[in-house]
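Chemist: Give me coordinates for this.
(2 chains)
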There are 2 protein chains.
Amino acid sequence: VALSSLAERVLAGDPKAIARAISLVEDEAPDAGALLAELHPRTGRAWLVGLTGAPGVGKSTLADRLTAEIRSQGLTVGILAIDPTSPFTGVAILGDRITLGAHAGDAGVFVRSMATRGQLGGLARATGDAALVLDAAGRDVVIIETVGVGQGEVDIVRTADVSIVVLVPGTGDDVQAIKAGIMEIADIFVVNKADRDGADRTVQSVAAALALQTHDPRGWRPPIVQTVATTGGGVPELWAALTRFRESPAAGREERRRGRYAAALRDRLVQRLLRHVEESLPAGEIERSIERVAAREIDPLAAADELVKQVIRS
Amino acid sequence: VALSSLAERVLAGDPKAIARAISLVEDEAPDAGALLAELHPRTGRAWLVGLTGAPGVGKSTLADRLTAEIRSQGLTVGILAIDPTSPFTGVAILGDRITLGAHAGDAGVFVRSMATRGQLGGLARATGDAALVLDAAGRDVVIIETVGVGQGEVDIVRTADVSIVVLVPGTGDDVQAIKAGIMEIADIFVVNKADRDGADRTVQSVAAALALQTHDPRGWRPPIVQTVATTGGGVPELWAALTRFRESPAAGREERRRGRYAAALRDRLVQRLLRHVEESLPAGEIERSIERVAAREIDPLAAADELVKQVIRS
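Modeler: Okay, the predicted model is just below:
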């Protein structure tokens, strides 16, 4: 049927089919589960590269240049740019942010902005699923770019196969980023806009912070790569660092992939369990519980216990 | 017993008991559920003020000054400063960030940095619970300060009774923040460091963005308040704007509170259901499922369905 043919077209690498498939998983469409089930056996080959940092550090330009470098190696690329979304409208605000004009005519580059419908965890789930679609579609490298330094974004990036944290000199962003808890998720640091005053100081402060960290027992010390994304300077060095990491024992690729699958399973489990609860309980039962909690007749945990007991007994 | 006495001491406003209680809910200690059940009937009075913006915009200083203003009105304050946490060590990195020296000897001000153990959604849950503790302890105003503009942080702030988004002039942060999807969660905008060049331009760009938004049918247009947090300039105006919002029909306080309780109930429901699954299944069953998913023998959704069926049948 139509769905199998969509899966087949995704597996054949058809960009329109990829776009349609990502829309389905992003919207949590009814068909999304069946589609992912069809694609799942054909995943596991793509290399997931997480790219994060504060707004304005030049992540998009860097992703663009890195893509050109990866393409020059003969590899195909998928880019997922995570847009924080309006929680009210569900519309991605940065939808037009990534233009990647340089790759516009290149079938080897697929770019997609990811939005979410506001549910906590929804963005991580949708991004993971979109990465699976690109993986199944045969993309060699999938770059996942996140704006911001929030917990959700950290969770997305730390499940990638390699995580790049981008800083810029001079604005105090270096210290902010280090403070903001993303220090320890970085496999590679990039100091972008390295032609600016203060780049050396930023490199030094990162190096100093790294020196305080416990060493990876597998011997990987996150390198600090200086780039000027606007000109492409340092980007070959960044790709070299990525390749070194990939070949290092520290990459722990199977472990990270297993973590991704474990998170996906847990996510689906929660989804199914909540659906079971909603379908098993009399209509309006959950709303009545919320009202009683809001009226402070019962606390949330006790209310949850009551609901679970009803479902388990039935 | 000890727990009841802890609850009693929290209800009496004892700062040491508050600190202990927040630690319990933050650690998801076994006693946390019973404690929250004891406190829950006595909550619902505090006013929750969310304060968010990019790193470096001066949120902490602003929270400090706003606290002084609120204290001068004879009201008590609790401050929860959300720290993005190292996902590996679980240690809050900004733990010593807020000093609030000015309020050190003031029993009417309670300050706490919140960390999380890295589980997606854990920070939102722990922050909500900590706010309940401060509410039960009789704090009139609870300020929840989040670093970053990620989805998790947005979720935290939008469940507050009022949300303040802080911007600064000149760095392009204004546009970034607007783009980053936090525009629509703001009930009040603050342009901090308003003595800097470009403050007027930032105010204008926010006003222009606001003009494009759909109007709140209840007639609230988010005001743009200019502050200089380092000197306290504009802070009385900020408090006046907060008070105006509180008295506006747009505040929808019961609706927001209901949203908080609904989220808390859902959170507990998931927690209980997952525990039920883990306890009902044979040892190692979930791990075996993960292995099969990782080996691509089965997709996550089908694996989740299998697990749910086993639990529901039993």
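
Chemist: For residue A:29, list the residues it contacts.
Modeler: By C-beta atoms under 8 Å, 6 or more residues apart in numbering or on different chains, the residues touching residue A:29 are residue A:23. The C-beta positions use only the backbone N, C-alpha and C, and glycine is treated the same way.

Chemist: Got phi/psi on it?
Modeler: Dihedral angles phi and psi of residue A:29 (degrees, to the nearest 10) take the values phi -60, psi 150.

Chemist: the longest helix in chain A is where?
Modeler: helix A:253-280 (DSSP state H).

Chemist: Residue A:128 contacts residue A:265, doesn't it?
Modeler: No. When contacts are counted by C-beta atoms under 8 Å, residue A:128 is not listed as touching residue A:265 (11.2 Å).

Chemist: where does chain A have low pLDDT?
Modeler: Within chain A, the stretches with pLDDT under 70 are A:1, A:55, A:83-102, A:115-121, A:147-155, A:158, A:170-183, A:313-314.

Chemist: those helices in it, which residues are they?
Modeler: Per DSSP H, chain A carries helices over the ranges A:2-11, A:15-26, A:32-39, A:59-72, A:122-136, A:151-158, A:173-177, A:199-212, A:235-247, A:253-280, A:285-294, A:300-313.

Chemist: Make TSV out of these and add distance to chain B and mean neighbour count.
Modeler: Below are those laid out as TSV (distance: least, C-beta to the nearest C-beta, whole Å; neighbours: other C-beta atoms under 10 Å in any protein chain shown):
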stretch	distance to chain B	mean neighbour count
helix A:2-11	12	16
helix A:15-26	11	20
helix A:32-39	4	21
helix A:59-72	12	21
helix A:122-136	5	25
helix A:151-158	4	28
helix A:173-177	4	21
helix A:199-212	10	16
helix A:235-247	17	17
helix A:253-280	4	18
helix A:285-294	4	17
helix A:300-313	4	18
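
Chemist: right, and those helices - which one's nearest residue B:223?
Modeler: Evaluated with C-beta to C-beta, these place helix A:173-177 nearest to residue B:223, the distance being 27.7 Å.

Chemist: from memory residue A:45 sits against residue A:135, does it?
Modeler: Yes. Using C-beta under 8 Å, residue A:45 is in contact with residue A:135, at 6.3 Å.

Chemist: Phi first, then psi, for residue A:297.
Modeler: Here residue A:297 shows phi and psi, under degrees, to the nearest 10, equal to phi -80, psi -30.

Chemist: Check the gap between it and residue A:288 for me.
Modeler: Applying C-beta to C-beta, to the nearest Å, the value for residue A:297 to residue A:288 is 11 Å.

Chemist: Check residue A:201 too.
Modeler: Counting by C-beta to C-beta, the gap from residue A:201 to residue A:288 is 60 Å.

Chemist: Likewise for residue A:248?
Modeler: From residue A:248 to residue A:288 the distance is 55 Å (C-beta to C-beta).

Chemist: Same question for residue A:74.
Modeler: 61 Å.

Chemist: and what of residue A:123?
Modeler: 31 Å.

Chemist: Likewise for residue A:233?
Modeler: From residue A:233 over to residue A:288 the distance is 62 Å, taken as C-beta to C-beta.

Chemist: And residue A:246, by the same measure?
Modeler: From residue A:246 across to residue A:288, the span is 54 Å (C-beta to C-beta).

Chemist: repeat for residue A:308
Modeler: Residue A:308 is 15 Å from residue A:288, by C-beta to C-beta.

Chemist: and what of residue A:280?
Modeler: Distance, residue A:280 to residue A:288, by C-beta to C-beta: 15 Å.

Chemist: what does residue A:49 give?
Modeler: Distance from residue A:49 to residue A:288, by C-beta to C-beta: 47 Å.

Chemist: How about residue A:75: what's its closest non-neighbour residue?
Modeler: Using C-beta to C-beta, 6 or more residues apart in numbering or on different chains and skipping residues adjacent in sequence, the residue nearest residue A:75 is residue A:140, 3.9 Å away.

Chemist: who's in contact with that neighbour?
Modeler: With C-beta under 8 Å, 6+ apart as the criterion, the residues that contact residue A:140 are A:45-47, A:70, A:75-77.

Chemist: isn't residue A:123 right up against residue A:113?
Modeler: No. Using C-beta under 8 Å, residue A:123 is not in contact with residue A:113; the gap is 11.8 Å.

Chemist: Mutual contacts of those two, please.
Modeler: By C-beta under 8 Å, 6+ apart, the residues touching both residue A:123 and residue A:113 are residue A:82.

Chemist: Residue A:189 bridge partners, please.
Modeler: residue A:165, residue A:224 (DSSP bridges).

Chemist: Hmm, it is touching residue A:224, no?
Modeler: Yes. Taking contacts as C-beta under 8 Å, residue A:189 lies within contact range of residue A:224: 4.5 Å.

Chemist: higher neighbour count, these two?
Modeler: In terms of neighbours (other C-beta atoms under 10 Å in any protein chain shown), residue A:189 is the more surrounded of residue A:189 and residue A:224; the figures are 28 against 19.

Chemist: tell me the contacts of that one?
Modeler: Residue A:189 touches A:164-167, A:206, A:222-225, counting by C-beta under 8 Å, 6+ apart.

Chemist: Count the residues that sit near residue A:198.
Modeler: Neighbour tally, residue A:198, other C-beta under 10 Å: 17.

Chemist: Against residue A:191, how distant is it?
Modeler: Residue A:198 sits 10 Å away from residue A:191, going by C-beta to C-beta.

Chemist: where do the contact lists of these two overlap?
Modeler: residue A:169.
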